[in-house]
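Chemist: Turn this into a structure:
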Amino acid sequence: MKLLDKYSSKNLHLQNKIVMAPMTRSRADNDEHVVTDLIQTYYSQRVTAGLIITEGVNISEESVGYINVPGIYTQEQTESWKKVTTDIHAQGGKIFAQLWHVGRISHPDFHNGELPLAPSAVNPESQAYTYTGFKDTVTPKAMTTEDIKRTVQDFVKAAENAIEAGFDGVEIHAANGYLFHQFFALTSNKREDEYGGSIENRGRILFEVLDAVGKKVTFEKVGVRLSPDLDGLFGMVKDQETQEMFEYLTNKLNDYDLSYLHFSGFTEKGDHPQKSIFETAKHYREIYKGTFIINGGFLKESAEKALEENLADLISFGVPFIGNPDLVQRFAVDAPLNQADSDTFYVPGAKGYTDYPALK
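Modeler: Next up is the predicted model:
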């Protein structure tokens, strides 16, 4: 089975080709948003993945848009992650921290009544999940140049904190309709300065972050996540320049000696049918020259097929890892999978988090 083969590149050496995808789980239910023993247990249970990528981790108070998400912008938060990384490494695992800023997919409730930040003052017409339930999103505040420069430094500091906390690297979350993606898309970026208009301008913030992070953390410890065919989620709508935009981003990322590029695909249909991750991967695999990870509703058979067709080097799995802490072993012996309980994805406590049975 190709999934179980070791993977080795210039920057990445893994015990298998199975990656645990980043998934928000909302278990940092404390005022400081620090990592708890329960969170440590959750990641420790899934250590047999070739690489674990953590849930999106807030890089600043301004980046917050979901309840009970752990941060990595205070010293206390940074220290709390050490229990996770130490445990993972003691068992021979590898773990990256995903660095996250949600941009306009937030609510004033998270910001002491202030508006969330975004490239432009365009309401995504979506909903934010606050501590008092779902609330309609608002028109955000268009970021000033000063806001952007501060956010760049927030990513740098978060990356430094992640390395201090013992992570093997960081993933810059530039996908799924969040801050970077909002800069990329014409529907959410109406700016007329150096961060708007042309494709190069709309992609500028990502490369400013990478350039700044690269001065503090070597690029071999940095990955990037993109979702080029996202359409219809969080007010993101593909436009006549979407493909050209992501071709530009992907090609320019070849200039950086990154650990990997991680593509997120989507399987839902609805009003905006998504491209198959196979179709997406085949196109961009020809552009990107480094380690390529793809994600998008994979199970064992479809993941094996993607590897056999050389569409990617590694496959990341989301929901299957929620219900199956021993997913790697289950694939290896062709055991049935536990069904993940979606009702417990984002609620506090061990139920639906660390209580899924492992194989005997």
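
Chemist: Distance from the chain centre to the lengthiest strand in the chain, please.
Modeler: Across the chain, the strand with the greatest residue count (assigned by DSSP state E) is strand 51-58. Mean C-alpha position of strand 51-58 versus that of the full chain (C-alpha atoms, centre = their mean, to the nearest Å) differs by 7 Å.

Chemist: What lies in contact with it?
Modeler: With C-beta atoms under 8 Å, 6 or more residues apart in numbering as the test, strand 51-58 has contacts from 12, 14, 19-25, 33, 43, 46, 64, 69-73, 84, 88, 93-101, 158, 162, 171, 173, 223, 262, 314, 316. The C-beta positions use only the backbone N, C-alpha and C, and glycine is treated the same way.

Chemist: wait, what's in contact with the closest residue to Ser276 other than its chain neighbours?
Modeler: Nearest non-adjacent residue to Ser276, counting by C-beta to C-beta, 6 or more residues apart in numbering: Gly265, 7.3 Å away. Taking C-beta under 8 Å, 6+ apart, we find Gly265 in contact with 227, 229, 274-277, 280-281, 294-297.

Chemist: quick check: mean pLDDT across the longest helix seen in the chain?
Modeler: The helix that spans the most residues within the chain, counting by DSSP state H, is helix 145-164. Across helix 145-164, pLDDT averages out at 98.

Chemist: ok, and what's touching it?
Modeler: Residues contacting helix 145-164 (C-beta under 8 Å, 6+ apart): 57, 59-60, 62-63, 72-73, 77-78, 81, 97, 99, 101, 117, 143, 169-170, 172, 179, 193, 195, 205, 208-209, 212-213, 215-217, 221-222.

Chemist: So Glu146 versus Leu99, what's the distance?
Modeler: Distance, Glu146 to Leu99, by C-beta to C-beta, to the nearest Å: 21 Å.

Chemist: Tell me, how many residues neighbour His111?
Modeler: 16 (other C-beta atoms under 10 Å).

Chemist: hang on, isn't it packed against Val64?
Modeler: Yes. Using C-beta atoms under 8 Å as the test, His111 is close enough to Val64 to be in contact (7.5 Å).

Chemist: Return a ChimeraX selection command for the buried portion of the contacts of Gly265.
Modeler: A single ChimeraX command is used to select the members of the contacts of Gly265 judged buried by 16 or more other C-beta atoms under 10 Å:
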select :227,229,274,275,277,280,281,294,295,296,297
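
Chemist: how about low-confidence regions in this structure?
Modeler: 266-274 (pLDDT under 70).

Chemist: Strands of that one, start to end?
Modeler: 7-8, 13-14, 18-20, 51-58, 95-100, 117-118, 127-130, 133-136, 141-142, 169-173, 222-226, 260-264, 292-295, 314-317.

Chemist: Could I get the ones you listed in CSV, plus columns for distance to Ser106?
Modeler: Shown next, in CSV, are the strands of the chain (distance: least, C-beta to C-beta, whole Å):
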stretch, distance to Ser106
strand 7-8, 36
strand 13-14, 34
strand 18-20, 26
strand 51-58, 11
strand 95-100, 11
strand 117-118, 8
strand 127-130, 6
strand 133-136, 10
strand 141-142, 11
strand 169-173, 14
strand 222-226, 19
strand 260-264, 20
strand 292-295, 24
strand 314-317, 25
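
Chemist: Quick one, which of those gets closest to Met1.
Modeler: strand 18-20 (10.0 Å; C-beta to C-beta).

Chemist: could you say what helices and strands that closest one packs with?
Modeler: Using 3 or more C-beta pairs under 8 Å, 6 or more residues apart in numbering; DSSP states H and E, the elements in contact with strand 18-20 are strand 51-58, strand 314-317, helix 327-333.

Chemist: between those, which gets nearest to Ala128?
Modeler: Nearest of these (C-beta to C-beta): strand 51-58, 14.2 Å.
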